[in-house]
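Participant: One predicted model, sequence on top.
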Amino acid sequence: MTAILTIIVLVLITIAIWQMVKIFDLSQMNADRSQVANDKDNNINGYLMIMFVIFIHVLTVVSFWKWSDVLLPESASEHGVLTDKLLAISFAVIFFVQTITQILLHYFAFKYRGEKGKKALFYADNNKLEIIWTVIPVIVLAGLIISGLFAWNDITSITKTDDDLEIELYAQQFGWQARYAGQDNVLGDANVRLINIDKANALGVDVNDPNAQDDIIVQEIHLPVGKKAIFKMRSQDVLHSAYMPHFRQQMNCVPGQVTEFAFVPTITTKEMRENETIVNKVNKINEIRLANNEKIAKENRGLPKEEQMPRLEPYEFDYLLLCNKICGKSHYNMQLKIIVETQEEYENWIKQQKTFKESVAVNYEIN
């Protein structure tokens with residue numbers, strides 16, 4: 001019965017709307033139905049153009065002023081300063097050009113709007129104008145591209161020294177593992193064909209490679225501040241992307257290939273947690289979590305303990321390794337914590353970790 005009544009109501013609403021449309025059509029019988037715009041139409045459109053250009057620029061300024069705090073804080077790596085500088089220059093150029101061109105475009109649309117009896121002046125061509133609006137963009141874009149290429153070359157040209165850390169990032173749906181090169185500072189050979197989940201060799205490390213015996217496999221990355229870390233990346237299954245936003249680093253992890261990048265961290269996790277921008281973000285997140293916990297508490301009332309939703313823990317900032325490729329249904333949760341600390345803290349941590357030989361290779365007969 002409820003379904004029938006719902007259908008009847010929907011039919012009646014449809015009939016009412018149809019009748020209202022008919023009434024509106026009858027009221028427009030004496031209206032001007034000419035398809036040619038008149039002076040009134042042109043004036044309306046001209047003023048709308050002026051209003052729109054004001055609107056988009058006010059919106060842009062308000063957006064920068066109100067929501068700029070959602071942007072990343074200062075870079076936590078050496079080369080990230082150069083990356084941010086290039087981005088700021090690109091933003092400045094784009095904003096300047098966009099402002100000038102859009103204001104001129106909308107102003108001319110207003111100034112030269114159609115009027116009865118006015119004829120438009122037509123230029124077949126103008127070589128001077130063609131040269132100006134071709135050469136200037138070429139020079140600006142060439143400057144941006146060339147400076148970007150130099151920066152990219154500095155970032156991707158990796159020269160390893162004995163003092164640098166060498167770390168492998170291993171990606172698989174849907175998680176990360178990291179492997180440190182150990183005392184010899186040389187990563188042992190690895191191949192996906194050597195993976196044997198039953199014997200805990202989830203990274204496919206060659207157990208017979210002498211360089212692999214002191215490798216250290218971890219679920220959390222620790223980096224000493226001020227020391228270059230070289231990351232070599234592999235993927236077990238699909239295309240992933242190693243993304244470290246606070247260090248301004250990103251590189252695809254390609255099945256069957258080893259890709260790499262390197263950077264020098266400059267700000268410890270502790271120092272970044274004291275950054276004013278980060279403090280404000282953490283406070284906002286925790287305000288939201290507190291409000292959500294109140295909702296969870298209300299929903300949990302009267303429910304058995306096993307059916308209750310867990311409360312949200314207070315958020316604390318950490319550097320993260322994320323996947324920046326949509327690699328499957330749990331892509332959103334593919335992350336690994338990165339801790340930047342002093343050299344002493346790093347050495348204390350690394351001493352506590354088991355080597356590959358201690359944790360995995362004991363299950364094999366090593367030649």
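Facilitator: On my side now, so go ahead.

Participant: the strands in the chain, which residues?
Facilitator: Taking DSSP state E, the strands of the chain run over residues 165-172, 175-180, 216-218, 221-224, 229-235, 240-244, 249-253, 259-263, 319-323, 335-341.

Participant: closest one to residue 93 among those?
Facilitator: Shortest separation from residue 93 across the strands of the chain is recorded for strand 249-253, at 22.7 Å, computed as CB to CB. Every C-beta, even on glycine, is put in place using the N, C-alpha and C of the backbone.

Participant: So which bits of the closest one are buried?
Facilitator: 249, 251-253 (16 or more other CB atoms under 10 Å).

Participant: and this structure, what are its domains?
Facilitator: 39-66+73-115+124-156, 165-270+316-363 (automatic domain parsing).

Participant: what's the most buried one of the ones you listed?
Facilitator: Counting by mean count of other CB atoms under 10 Å, domain 165-270+316-363 has the highest mean neighbour count of the domains of the chain, with a mean of 18.

Participant: how near is the closest residue in space to residue 171 that isn't next to it in sequence to residue 179?
Facilitator: Counting by CB to CB, 6 or more residues apart in numbering, residue 171 lies nearest to residue 240, which is 3.9 Å off, once chain neighbours are set aside. Using CB to CB, to the nearest Å, one gets 16 Å for the distance from residue 240 to residue 179.

Participant: cool, residue 55 as well?
Facilitator: Separation of residue 55 from residue 179 (CB to CB) stands at 54 Å.

Participant: ditto for residue 47
Facilitator: When residue 47 is compared with residue 179 (using CB to CB), they lie 65 Å apart.

Participant: With residue 228 instead?
Facilitator: Residue 228 is 17 Å from residue 179, by CB to CB.

Participant: Contacts only, for the residue lying closest to residue 248 once chain neighbours are set aside.
Facilitator: Nearest residue to residue 248, sequence neighbours excluded (CB to CB, 6+ apart): residue 80, at 3.6 Å. Contact analysis of residue 80 by CB atoms under 8 Å, 6 or more residues apart in numbering lists 246-249, 263.

Participant: where along the stretch 251-367 of the chain do the helices fall?
Facilitator: Listed in chain order, the helices found in the stretch 251-367 of the chain under DSSP state H, counting those that start in this stretch are 269-273, 276-300, 343-351, 356-359.

Participant: Show me the shaky parts of this structure.
Facilitator: 1, 24-37, 196-200, 360-367 (pLDDT under 70).

Participant: what pairs with the closest residue to residue 181 other than its chain neighbours across the strands?
Facilitator: Excluding its sequence neighbours, the residue lying closest to residue 181 (CB to CB, 6+ apart) is residue 166, at 4.0 Å. As for beta bridges, residue 166 partners with residue 230 under DSSP bridges.

Participant: Pull up the gap between residue 166 and residue 231, please.
Facilitator: 8 Å.

Participant: and what of residue 318?
Facilitator: 18 Å.

Participant: again, but for residue 255
Facilitator: Residue 255 sits 17 Å away from residue 231, going by CB to CB.

Participant: dump the residue contacts of the residue lying closest to residue 103 once chain neighbours are set aside.
Facilitator: Among residues not flanking residue 103 along the chain, residue 53 sits closest, at 6.0 Å (CB to CB, 6+ apart). If you count contacts by CB under 8 Å, 6+ apart, residue 53 has them with 102-103, 105-107.

Participant: Out of the residues you listed, which is nearest to residue 63?
Facilitator: residue 102 (15.5 Å).

Participant: Please tell me how far residue 70 sits from residue 81.
Facilitator: 21 Å.

Participant: Same check on residue 247?
Facilitator: 11 Å.

Participant: do the same with residue 166
Facilitator: For residue 166, the distance to residue 81 - CB to CB - is 24 Å.

Participant: do residue 59 as well
Facilitator: 30 Å.

Participant: Please apply the same query to residue 193.
Facilitator: From residue 193 to residue 81 the distance is 42 Å (CB to CB).

Participant: now do residue 12
Facilitator: 67 Å.

Participant: chain center to stretch 12-28: distance?
Facilitator: Centre-to-centre, stretch 12-28 and its host chain are 49 Å apart (CA atoms, centre = their mean, to the nearest Å).

Participant: contact partners of it?
Facilitator: Counting by CB under 8 Å, 6+ apart, no residue outside stretch 12-28 touches it.

Participant: Stretch 107-114 now?
Facilitator: Here stretch 107-114 has contacts from 37, 39, 42-43, 45-47, 49-50, 53, 120, using CB under 8 Å, 6+ apart.

Participant: between residue 247 and residue 81, what contacts are shared?
Facilitator: residue 75.

Participant: hmm, back to that, and the contacts of residue 80, which is closest to residue 115?
Facilitator: residue 248 (53.7 Å).

Participant: what's in contact with stretch 317-334?
Facilitator: The contact list for stretch 317-334 (CB under 8 Å, 6+ apart) reads 76, 169, 171, 173-176, 221, 238-247, 250, 252, 269, 272-273, 278, 281-282, 335-340.
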